[in-house]
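Chemist: Got a sequence here, can you build the structure:
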Amino acid sequence: MKAELKYPLIIFLLWIAAPLCLYLIIYFVNNLILNPNFFISLVIPAIALSLLSFLLTKIKNREIRTASYYSLVGALIWASPAIYFLTGSELYYSLSRTNKALLILLPSALLSIIFFMFGKIKAKPASDLSDLYVKKYMYSKDE
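Modeler: Next up is the predicted model:
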């Protein structure tokens with residue numbers, strides 16, 4: 001690109017980009033950072049769950065450590081968006097306190113159990129391949 005086009009284009013973009021960047025920073029600070037819902041629903045639980053995951057790394061048994069970490073991830077898949085977004089819906093407000101808690105806790109617990117099993121399977125890979133050889137022999141015998 002020639003200098004007679006490049007420099008005016010840079011000046012034009014800087015003139016537009018600087019106010020837009022400043023507006024985005026102000027919007028981010030005012031609407032997210034200073035919003036109490038942001039801290040209560042996202043930042044404080046994130047810090048607590050990070051500390052919990054740090055404590056999970058201290059577990060000596062590799063199988064339980066991996067399964068527990070997967071379990072935490074499974075619970076967070078539902079709980080994090082549900083706590084942050086579901087609480088703003090009218091359906092959520094119409095439920096009783098018990099049903100509100102169940103709506104968040106039951107799917108989180110179910111996913112946690114499923115992911116715990118995935119973690120246990122991942123932590124203990126199959127080392128005995130004899131079943132595989134027996135099945136291969138059975139199917140190749142028919143041919």
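Chemist: CA only for contacts and neighbour counts going forward, please
Modeler: Will do.
Chemist: quick check: domain ranges of this protein?
Modeler: The chain breaks down by automatic domain parsing into domains covering 1-34, 36-125.
Chemist: Lowest average confidence across the ones you listed, which one?
Modeler: Among the domains of the chain, domain 1-34 carries the lowest mean pLDDT, a mean of 81.
Chemist: residues touching F116, list them.
Modeler: 67-71, 74 (CA atoms under 8 Å, 6 or more residues apart in numbering).
Chemist: Filter these down to the buried ones.
Modeler: 67-71, 74 (16 or more other CA atoms under 10 Å).
Chemist: could I get those residues as JSON lines with distance to N37?
Modeler: JSON lines is the format used below for these (distance: CA to CA, whole Å):
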{"residue": "A67", "distance to N37": "31"}
{"residue": "S68", "distance to N37": "28"}
{"residue": "Y69", "distance to N37": "27"}
{"residue": "Y70", "distance to N37": "27"}
{"residue": "S71", "distance to N37": "26"}
{"residue": "G74", "distance to N37": "23"}
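Chemist: Which members of those occur in helices, if any?
Modeler: Those of the buried ones among the contacts of F116 mapping onto helices are 67-71, 74, per DSSP state H.
Chemist: circling back to that earlier point, out of the contacts of F116, which comes closest to S50?
Modeler: Comparing these against S50 with CA to CA places Y69 closest, at 10.9 Å.
Chemist: And that closest one, how far from W78?
Modeler: As judged by CA to CA, to the nearest Å, Y69 and W78 stand 15 Å apart.
Chemist: Figure out which of the domains of the chain is closest to M138.
Modeler: Closest among the domains of the chain, using CA to CA: domain 36-125, at 23.8 Å.
Chemist: Measure how far the closest one is from the centre of its chain, please.
Modeler: 9 Å (CA atoms, centre = their mean, to the nearest Å).
Chemist: highest average neighbour count across the domains of the chain?
Modeler: For the domains of the chain, average neighbour numbers computed from mean count of other CA atoms under 10 Å are highest in domain 36-125, which has a mean of 15.
Chemist: Since that was my last question, I'll sign off now.
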